[in-house]
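J.: For reference, the sequence and a predicted model appear below.
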Amino acid sequence: MPVTSKRLEPIPGFNIDRVAAAAGDDPDVLRMENLDTDLGIPAGVKEATREAVDRLDANSWLPFDGKIELKEAVAGFIERRSGMRYDPAREVVITGSDGDSALNALFVTVDPGDEVILTDPTYAGLVNRVRLVGGVPRFVPLVPGDQGWRLDGDALGAAVSSKTRAFLIMNPSLPSGWVATGEEWETIAAMSRAHDAWLIYVAWWEGMVFDGLPATSPASLPDIRDRLIIAGSVSLEHRMIGWRIGWTVGPEKIHSDLSKTQIYNALVPSGILQAGARVALQETPQDLAKVVQELQRRRDETLRQLEGFPVVRSSGGWSLLLDTAAMGIDCAEASKRMLEQKVAATQMRGWGAEVADRYLRFVYSREPLERLALLGERARAALG
């Protein structure tokens, strides 16, 4: 008798855990292995969360798929960004985390054996959630350049088949920091329409974009609404990792299935933490801009420290990638060497296919500028 289901056989553990454990609690180590941040959460969130602790309606099982007040806040948030209006009661489901939002969307769209298109690299948590539902990941390479990453449109067309059921696209993309252009979104949407496939948009930090780029949403594209599912969260854009609140938003025809999947997978999101999430979604553009500005400064310092290395510029998000294969160093070995020099950085094997396997990731969201200034000397000692 097999110990576990066959669908778990190709799913590895997270390398992040191993690097973090090896780094321990040494204060001299630059913690660049995980998506943590020292940047503050939106104003009023803590107060709303504390107040909810004493409310009976917050410490409740009901409603199973989220409180209407938070659903209304989610719908308003999406409308402000994209111009697309969703019905809070009939098209929004609140989930227990960012991961649940993606997994639930896959459960209602993908049957075992169906293929799902992802970028290479992409977040390993998305790749392996495709496998958890019995789907087959198909990867489309992102192409590095002087100004960042671009989607290989020809490879996208070649990857699609009669088995393609969904496109699972995160933007900005983790771990690369790729931010899709309007033209790239149009290409993805056109493929989705032409092949009658779903577009699952992982919008965990849509507003975390640099260099004056717009925060674009595929919800603003024409003729996409009936096949678009938005998987959102307060974890990243709102820096509320510990709140574990997310959402799935999609057409009314799949609302019941999204709701059932949430109820029987995670049961109910925390009513106490939903109170804080609702306030977070009211964060002003001005306050978010200050956070983005600080992250861009940290991105720029990380690039400056790694000048001369084959590093790829990120256009958004909290991390960027170094091509260790171009230096003749395996990414796992590079991670080991960096930790010996007191820099915790994670190899990207398993975060896609051939492209991801080349890279080492540096997260710049946790360390302030004065600490990031230590990176260059340590990287040169580790990697030459």
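T.: Ah, there it is.

J.: Only C-alpha atoms from now on, for both contacts and neighbour counts.
T.: OK.

J.: Make sure V93 is indeed in a strand.
T.: Yes. The assignment for V93 (DSSP: H, G, I helix; E, B strand; the rest coil) places it in a strand.

J.: count of neighbours near it?
T.: V93 is flanked by 29 other residues according to other Cα atoms under 10 Å.

J.: Then the one 4 residues further on?
T.: Neighbours of S97 under the rule other Cα under 10 Å: 24.

J.: Which residues does stretch 304-313 contact?
T.: The contact list for stretch 304-313 (Cα atoms under 8 Å, 6 or more residues apart in numbering) reads 144-149, 176-177, 303, 320-324, 326-327, 372-377, 379.

J.: Heading C-terminal from the lowest-mean-pLDDT helix or strand in the chain, find the next helix or strand.
T.: Taking mean pLDDT, DSSP states H and E as the measure, the helices and strands of the chain show their lowest mean at helix 15-23, namely a mean of 86. Next along the chain after helix 15-23, taking DSSP states H and E as the criterion, comes strand 30-31.

J.: Which of the contacts of stretch 304-313 fall within strands?
T.: Using DSSP state E, the subset of the contacts of stretch 304-313 located in strands is 144-145, 148-149, 320-323.

J.: Drop anything exposed from these.
T.: Burial by neighbour count, judged by 16 or more other Cα atoms under 10 Å, picks out 144, 148-149, 320-323 from these.

J.: Which one of those residues is nearest to T181?
T.: Minimum separation from T181 among these (Cα to Cα) is found for W149, which lies at 10.5 Å.

J.: Which residue or residues pair with that closest one through a beta bridge?
T.: For W149, the residues forming beta bridges with it (DSSP bridges) are P144.

J.: Could I get the full set of strands for the protein?
T.: 30-31, 92-95, 115-120, 136-145, 148-151, 164-170, 198-203, 228-233, 246-249, 311-312, 319-323, 343-344, 346-347, 359-363.

J.: now the ones you listed in CSV, with distance to L221 and mean pLDDT?
T.: Written out in CSV, the entries for those read as follows (distance: least, Cα to Cα, whole Å; pLDDT from 0 to 100):
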stretch, distance to L221, mean pLDDT
strand 30-31, 39, 98
strand 92-95, 19, 98
strand 115-120, 19, 98
strand 136-145, 22, 97
strand 148-151, 18, 97
strand 164-170, 15, 98
strand 198-203, 12, 98
strand 228-233, 10, 98
strand 246-249, 16, 98
strand 311-312, 29, 98
strand 319-323, 28, 98
strand 343-344, 40, 98
strand 346-347, 35, 97
strand 359-363, 31, 98
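
J.: Out of these, which is closest to D17?
T.: Distances from D17 to each of the strands of the chain were compared using Cα to Cα; the minimum, 9.3 Å, belongs to strand 346-347.

J.: now the closest one, how far from the chain's geometric center?
T.: Taking Cα atoms, centre = their mean, to the nearest Å, the mean C-alpha location of strand 346-347 is offset from the chain mean by 16 Å.

J.: Strand partners (parallel or antiparallel) of it?
T.: Paired neighbours of strand 346-347 in the sheet (DSSP bridges): strand 359-363 (antiparallel).

J.: What lies in contact with the partner strand?
T.: 31-35, 175, 318-325, 331, 334-335, 345-349.

J.: Return the members of the residues you listed classed as buried.
T.: 31-35, 175, 318-325, 331, 334-335, 345-349.

J.: Could you tell me the angle between the longest helix belonging to the chain and strand 359-363?
T.: Taking residue count as the measure and DSSP state H as the definition, the longest helix of the chain comes out as helix 285-305. Using axes from the mean of the first three to the mean of the last three Cα atoms, to 10 degrees, the direction of helix 285-305 lies 130 degrees away from that of strand 359-363.

J.: And helix 285-305, what's buried?
T.: Buried residues in helix 285-305 (16+ other Cα under 10 Å): 288, 291-292, 295-303, 305.

J.: Stretch 230-243: how far from the chain's middle?
T.: A distance of 9 Å separates the centroid of the chain from that of stretch 230-243, by Cα atoms, centre = their mean.

J.: Ends of it, what's the gap?
T.: One end of stretch 230-243 to the other measures 19 Å (Cα to Cα, to the nearest Å).

J.: next one: stretch 306-314
T.: Across stretch 306-314, the terminal residues are separated by 13 Å (Cα to Cα).

J.: Please name the nearest non-neighbouring residue to R85.
T.: The spatial neighbour of R85 that comes closest, neighbours along the chain excluded (Cα to Cα, 6 or more residues apart in numbering), is E79 at 5.2 Å.
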